[in-house]
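A.B. asks: Here is my input, please return the structure:
(4 chains)
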There are 2 protein chains.
Amino acid sequence: METSTRDRIVVATARLIQRQGYVGTGIKQIAAESQATLGSIYHFFPGGKEAVAVAAIRYSAREFTALLEDALDGEADPAEAVLACTRRLAAELRESGWVDGCPVTAAALETLGTASELQQVCADALNGWERLVRDKLLGCGFPAEAAHELATTVISALEGAEVTAQVNRSEEPLLAAGRQLARLVRSYGVGTPGR
Amino acid sequence: METSTRDRIVVATARLIQRQGYVGTGIKQIAAESQATLGSIYHFFPGGKEAVAVAAIRYSAREFTALLEDALDGEADPAEAVLACTRRLAAELRESGWVDGCPVTAAALETLGTASELQQVCADALNGWERLVRDKLLGCGFPAEAAHELATTVISALEGAEVTAQVNRSEEPLLAAGRQLARLVRSYGVGTPGR
DNA sequence: GCCCGACTAAAACGATCGCTCTATTCAGAG
DNA sequence: CTCTGAATAGAGCGATCGTTTTAGTCGGGC
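C.D. replies: You can find the predicted model right below:
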């Protein structure tokens, strides 16, 4: 099936932001990469570059949400689930040549002071992922406060470990973080949920 | 005392990169912020923008190394030491209005594919910090492998939690990460070093 | 006095930025 | 068929990018 022009723009933008950030990605580069023209881009996104980026970040956020859900649902034990997440991330990162990082982190860092919509979308993405992890932990019987703190820590550590892995061009930081996070989760001594 | 022009350039660049990234910071903006002129900048840094950024990142790296050393040395118990780090970071972040993040993370993310010197400097900074934490743990009697994995995890989590804190404009993510990291460190059951 | 290197100052370069504008193509409604 | 509006195409706008170039200032050695 052939993808629509709009979709090609969003997907290409997502990948470009992921690799070179929001500021570093030009509208004309997006046009070239997505096989669209400037006219098409401004037709679908009258809000200009930021509107394109917002759509791209939302797309990336959904994509990572899917990966997270998949990894979390695939393992009953929460510690194993977290470990599975890091393994998935590490594999994707290695396959991309350590280049395809987290577009949300990249875009968020560049628009921190701006109070733009882009900034808000990044915040929503992070909080959504955290909620995903928290719900998993709650479902496993973790007390509310522990689940909350653990979830934010897991998401933060995943982000940071991904950057570290990219910089060092090695999956070790991600895998190490995964093992340590799993240990941390297990330290609460909460078993996997019964059926 | 009056600071030299060169130093003003480096310090201003460090702060600008910290707030808006490498790509988002222009040479002319650096000139304006540091009360220097383009001529001065290119006189001290014939390598241009990247050379200025390299010096700025090195400067920031030393600064954060000092903060880390200070926090680590201030507490004998390694878990408390990690907690102290997050508290320090959270305080600085809040005081800056959630704007002064980690310039290394920002610069690293934007130059990932480029194999530039900037990229290398960022990697060196991260590894230096990790070594600092690792040595602290080793000094507390942690086995080598645990110390290594813990150290990379701590640094990664600090980075990620800082970004999360900035995006949410709250110190909670940093403090939560600190508490969880402390718990993780304690889970190894290694006491503080004897005299 | 003069000169020379270090440093400052600013004009100007080509390239690229995000964006606007006009023109054109094209499918479907009437 | 004509008409219409969505979609595509690309020239061109002013602004800014990083950089180069040229000129000027200033202090200390001869």
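A.B. asks: name the element the spatially closest residue to A:Val82 that is not a sequence neighbour belongs to?
C.D. replies: The shortest distance from A:Val82 to any non-neighbouring residue, by CB to CB, 6 or more residues apart in numbering or on different chains, is to A:Leu181 (4.9 Å). For the C-beta atoms, the positions are set from N, CA and C on the backbone; glycine is no exception. Element membership for A:Leu181, per DSSP states H and E: helix A:172-186.
A.B. asks: phi, psi of A:Gly113?
C.D. replies: Main-chain torsions, A:Gly113, degrees, to the nearest 10: phi -80, psi -10.
A.B. asks: what packs against the helix or strand hosting A:Ser60?
C.D. replies: Assigned by DSSP H and E, A:Ser60 belongs to helix A:49-74. In terms of contacts (3 or more CB pairs under 8 Å, 6 or more residues apart in numbering or on different chains; DSSP states H and E), helix A:49-74 is packed against helix A:5-20, helix A:27-33, helix A:78-95, helix A:103-110, helix A:117-139.
A.B. asks: Put together a markdown table for the ones you listed, with distance to B:Val10 on each row.
C.D. replies: Shown next, in a markdown table, are those (distance: least, CB to CB, whole Å):
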| stretch | distance to B:Val10 |
| --- | --- |
| helix A:5-20 | 25 |
| helix A:27-33 | 31 |
| helix A:78-95 | 32 |
| helix A:103-110 | 21 |
| helix A:117-139 | 28 |
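A.B. asks: okay, these in JSON lines with mean pLDDT, distance to B:Glu149 and mean neighbour count next?
C.D. replies: Rendered in JSON lines, the data for these read as follows (pLDDT from 0 to 100; distance: least, CB to CB, whole Å; neighbours: other CB atoms under 10 Å in any protein chain shown):
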{"stretch": "helix A:5-20", "mean pLDDT": "95", "distance to B:Glu149": "27", "mean neighbour count": "21"}
{"stretch": "helix A:27-33", "mean pLDDT": "96", "distance to B:Glu149": "38", "mean neighbour count": "16"}
{"stretch": "helix A:78-95", "mean pLDDT": "96", "distance to B:Glu149": "12", "mean neighbour count": "20"}
{"stretch": "helix A:103-110", "mean pLDDT": "95", "distance to B:Glu149": "22", "mean neighbour count": "28"}
{"stretch": "helix A:117-139", "mean pLDDT": "96", "distance to B:Glu149": "21", "mean neighbour count": "20"}
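A.B. asks: my read: A:Thr25 touches A:Arg15, true?
C.D. replies: No: counting by CB atoms under 8 Å, A:Thr25 sits too far from A:Arg15 to count as a contact (9.5 Å).
A.B. asks: quick one on the thing from earlier: and the angle for the helix holding A:Ser60 with helix A:117-139?
C.D. replies: Counting by axes from the mean of the first three to the mean of the last three CA atoms, to 10 degrees, helix A:49-74 lies at 10 degrees to helix A:117-139.
A.B. asks: and helix A:49-74, how far out from the chain's middle?
C.D. replies: Put simply, helix A:49-74 sits 6 Å off its chain's centre (CA atoms, centre = their mean, to the nearest Å).
A.B. asks: Can you point out the buried residues in that helix?
C.D. replies: Neighbour-count burial for helix A:49-74, counted by 16 or more other CB atoms under 10 Å in any protein chain shown, picks out A:49, A:51-61, A:64, A:68, A:71-72.
A.B. asks: from those, which is closest to A:Ser40?
C.D. replies: Closest approach between the buried residues of helix A:49-74 and A:Ser40, by CB to CB: A:Val52, at 11.0 Å.
A.B. asks: Contact partners for that closest one?
C.D. replies: Residues near A:Val52 by CB atoms under 8 Å, 6 or more residues apart in numbering or on different chains: A:9-10, A:13, A:27, A:30, A:41, A:45.
A.B. asks: Repeat the analysis, applying 10 Å as the threshold.
C.D. replies: For A:Val52, the contact set (CB atoms under 10 Å, 6 or more residues apart in numbering or on different chains) comprises A:6, A:9-10, A:12-14, A:16-17, A:25, A:27, A:30, A:34, A:41-42, A:44-45.
A.B. asks: cool, A:Arg87 as well?
C.D. replies: Applying CB under 10 Å, 6+ apart to A:Arg87 gives the contacts A:71, A:171, A:174-175, A:178.
A.B. asks: which of these lies closest to DNA strand C?
C.D. replies: In terms of CB to the nearest atom of the strand, no member of the contacts of A:Arg87 lies closer to DNA strand C than A:Leu174, at 30.5 Å.
A.B. asks: Let me know the helix or strand that the closest residue to DNA strand D within chain A is in.
C.D. replies: Relative to DNA strand D, the nearest point of chain A is A:Gly39 (2.1 Å; CB to the nearest atom of the strand). For A:Gly39, the enclosing helix or strand under DSSP H and E is helix A:38-44.
A.B. asks: for that helix, packing partners?
C.D. replies: Other helices and strands packing on helix A:38-44, by 3 or more CB pairs under 10 Å, 6 or more residues apart in numbering or on different chains; DSSP states H and E, are helix A:5-20, helix A:27-33, helix A:49-74.
A.B. asks: rewinding a little: tabulate the contacts of A:Arg87 (CSV), appending distance to B:Cys85 and pLDDT.
C.D. replies: Shown next, in CSV, are the contacts of A:Arg87 (distance: CB to CB, whole Å; pLDDT from 0 to 100):
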residue, distance to B:Cys85, pLDDT
A:Ala71, 29, 92
A:Glu171, 25, 96
A:Leu174, 21, 98
A:Leu175, 23, 98
A:Gly178, 22, 98
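A.B. asks: Max pairwise distance over those: which two?
C.D. replies: A:Ala71 and A:Glu171 (15.4 Å).
A.B. asks: For A:Ile160, which non-adjacent residue is closest in space?
C.D. replies: Quick fix: residue A:160 reads Gly, not Ile. Leaving aside its sequence neighbours, A:Gly160 sits nearest to B:Gly160 (CB to CB, 6+ apart; 2.9 Å).
A.B. asks: Report pLDDT for A:Ala56.
C.D. replies: Reported pLDDT at A:Ala56 in the predicted model: 97.
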